[in-house]
Structure formats: C-alpha cells, structure tokens
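**Student:** Got a predicted model here, sequence first, then my questions.
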Amino acid sequence: MTIIVRFDELSGKVPWSQLQHAGGPAIDTPEHLRAVWAGGRTSPDLASAGYGHLWSDLLGGQRVWSATAPAAYLLSMLVQDEGFGDPDPTVRQGVLVFFRELSMNVDVVDRQCDVASSILDLVASSPVQACRLLLPDLFQVELLMLNDGDARTASCAATAAVAIAARVHVAASDRAKIVQWLNERARSTLSVTDRASALIDLGDLGHSQPEFLRDHHPAMRLAAALAPAMAEDDDATDVLLDLAESPARLDSVLSPANDSSWQTLPQFRGRPTSVVVAEVVTRRVRNIDHLARGALASLPLATSPGGQAIVRPYLSRIFRNGLPHPEAATMTQKLIARGMVENRQFWDWCGRASLFQSLRLPSDEESWRVVVES
C-alpha cells in the first residue's frame, strides 16, 4: 500500500467537518495536505495555499486547534514519502519545522506523554491533549529524518527533534544519538549555517561548547554564546556584546553569500539574528553601561523594516523606569539620548510614537534634548 493510499484511508475516517482550524471548519484540510505532498506535481497556487494552511490555519493565532493533531499525524506520514514536495526540498524542511512549532505551542506536564493508538484518539481528545499524544510520534519522524541525504533537511529535523526532546521524555539512547549526531555536525565541513544550527541545538540540550567561542567564524561564536548554560559566562557575554555592535551585519552572519537559503534559523522562530542578539544580550548583561555601544548601533536601524525589534530591548532595559529627570540621568542614558537627538531621520519617523508609547517614554524631541543638555 502506497503512502498516499494509506493517507486517503486514514483521512476518510476523520470527521473533518466537525473539527476546527483558525479559518473555520476543517473540511478543506485534507486537500491542503495533499497539495503539500504533491509539491511541484500540482499547481504552484495549490501548493502555496496548502503550505500556508499549515501555518495560518492549523497553527493560526499561535495555538493548536481540533484539526491540528489529526492533520499533523497524516502529515508526519506523508513527509516520509520520497517524493514529498518534489522538486522543492524546502517544503519538507518547512514541514519538519512546522512540527517543531506545534510542539512549542503545547504545554507538557512532567515531560510525560502517552501515545495515540490511532488517529481517532487524536479526534476524541482536546486539541492540546491530542497534540501531546502526537509528540512521541513526531519525535520519531524527526529522528528518522536525521538520515536524510539533504543536509538542510537533516538540520531542520534535528532542531525539531531537540525542541520535542526538551519538552517530553525520550529514551536515553535516542538523546545520546542526537547529541553524538550534533557534535559530529558542528565539527563537520558542512556550511556554517548547518554547523551553527547544530551548535545551537546542542546548547538547547544543555551541552555547552565553550571552545567555539574562539572560532574564526562569527556564526559559530554566536551559536556557542547563545547556549543557555553560557548565560553566566563572561567570555560568552563578550562575544554577544561584540556582535551587537554591528547589528546591520548580523543578519548576514548566518547567511553568507555562498549560503543564502536561510535568512534566519528555525531556532530563532522567524526573528532576524540581530533581534535575537539584542534580546539575549540585554537580558544577560547586568551593567547597562556595557550595553551602550550596541544600543547606539541599533538606533540608526530603528526606522528600517523590523528595526523596532532591534532597538526596543535596549531602550526597555536602559530606560526601565522611563526617561529620568535630567539631573538623575546616567552617562549611558545621556549617551543614548544624544544618539537619538542627533539622528534627524529618527524624528521624522512616524513609527516613533508607537514605540515610545509602548515603552512609556516621551516621543517629543525636546524631552530628550533636555536630558542631553543637563
């Protein structure tokens, strides 16, 4: 029996019209799943709509729905078909990351999950519980995909497996297998993007790799510094502070000219590298004076698309209690205020008011100028 025949058989048992996704009744879900499987064998519009259905409907509103687990169960079966998504390998990669995001949207108690005996178990359970039941199966699919001949697909499978392993109990032998695989990957001759991804995954599993803090490539230094176990390490903090001083270049660190296929790693959940570094460094650094250079470097980017997300963590941390009285302002606060006052483009930017309002900071130039001149 072929995979697609098995898909039709199991899908026919699911009462899709009684299930919901973010767009309403899930009657359209089976055809969307078929379109994702078909990839280039169907029209580009159908394939694109099918893939979009996963993210906008089955995980719409950053939550899971009653149709999510049954659809993911069928998708985990389809993704193992050799021709899945042909001829575009990024379709399979995206689906593996979709499983990662599904797991991130499910709370797991005590890391213990039962396993569904059939797809009907997923239909009968609540949306969250159904996804919990599905996680062990998704983990095994990701584990299987570590052997995929496409390096990027294997990387996507690894980061998804790691995310699931961090949430549910997995066999010690499976965890050891992933750790060994990631260690070999990080030290391989693959692209820097794939090696850095493996290093971040190792960090998420609790395995720090401090020797990479001195690697010649900034992406590897970044990946090593991001490990949660390195949060109190001064050398790791110095790496992040150094990288934060060049936010305009950070987004190309993991996507060099010869490997532009990943603009951001799956672990970053769609956020640019510059945003991730700003968030992490402002959370880890205790002395706000050490954030001054990164904050100043972020200001010119504030008016660019997505730039608010880079500058926001710095302003939130440095002006935690709002704009201080001019006489009480620290040297760092005055330095950032001066950087704002001297940036004419900043004051012509219409998005300034919403950013400042959300941070409870004044949006008029004069208030900042008074701080500078005090």
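**Tutor:** Looks like it came in fine.
**Student:** For residue 237, give me its contacts.
**Tutor:** Residue 237 is in contact with 225, 281, 284-285, counting by Cβ atoms under 8 Å, 6 or more residues apart in numbering. Where you see a C-beta, it was placed from the backbone N, CA and C, and this is true even at glycine.
**Student:** Export the residues you listed to JSON lines and append columns for pLDDT and secondary structure.
**Tutor:** Below are the contacts of residue 237 laid out as JSON lines (pLDDT from 0 to 100; DSSP: H, G, I helix; E, B strand; the rest coil):
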{"residue": "225", "pLDDT": "98", "secondary structure": "helix"}
{"residue": "281", "pLDDT": "97", "secondary structure": "helix"}
{"residue": "284", "pLDDT": "97", "secondary structure": "helix"}
{"residue": "285", "pLDDT": "96", "secondary structure": "coil"}
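**Student:** Would you format those as JSON lines with distance to residue 122 and neighbour count included?
**Tutor:** Output for the contacts of residue 237, formatted as JSON lines (distance: Cβ to Cβ, whole Å; neighbours: other Cβ atoms under 10 Å):
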{"residue": "225", "distance to residue 122": "40", "neighbour count": "29"}
{"residue": "281", "distance to residue 122": "41", "neighbour count": "24"}
{"residue": "284", "distance to residue 122": "40", "neighbour count": "16"}
{"residue": "285", "distance to residue 122": "44", "neighbour count": "17"}
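**Student:** Name the nearest of those residues relative to residue 211.
**Tutor:** In terms of Cβ to Cβ, no member of the contacts of residue 237 lies closer to residue 211 than residue 225, at 12.2 Å.
**Student:** okay but that closest one is in contact with residue 240, surely?
**Tutor:** Yes: the pair residue 225 / residue 240 is scored as a contact, 5.1 Å apart, by Cβ atoms under 8 Å.
**Student:** Could you report the neighbour count for residue 67?
**Tutor:** Look at residue 67: counted by other Cβ atoms under 10 Å, it has 27 neighbours.
**Student:** Could you pull up the contacting residues of the nearest residue to it once chain neighbours are set aside?
**Tutor:** Once flanking residues are discounted, residue 67 sits nearest to residue 26: 3.6 Å by Cβ to Cβ, 6 or more residues apart in numbering. Neighbour list for residue 26: 16-17, 19-20, 65-67, 71 [criterion: Cβ under 8 Å, 6+ apart].
**Student:** Helices - which of those residues land there?
**Tutor:** Using DSSP state H, the members of the contacts of residue 26 that fall in helices are residue 71.
**Student:** Among the contacts of residue 26, which lie within strands?
**Tutor:** Members of the contacts of residue 26 lying in strands (criterion: DSSP state E): residue 20.
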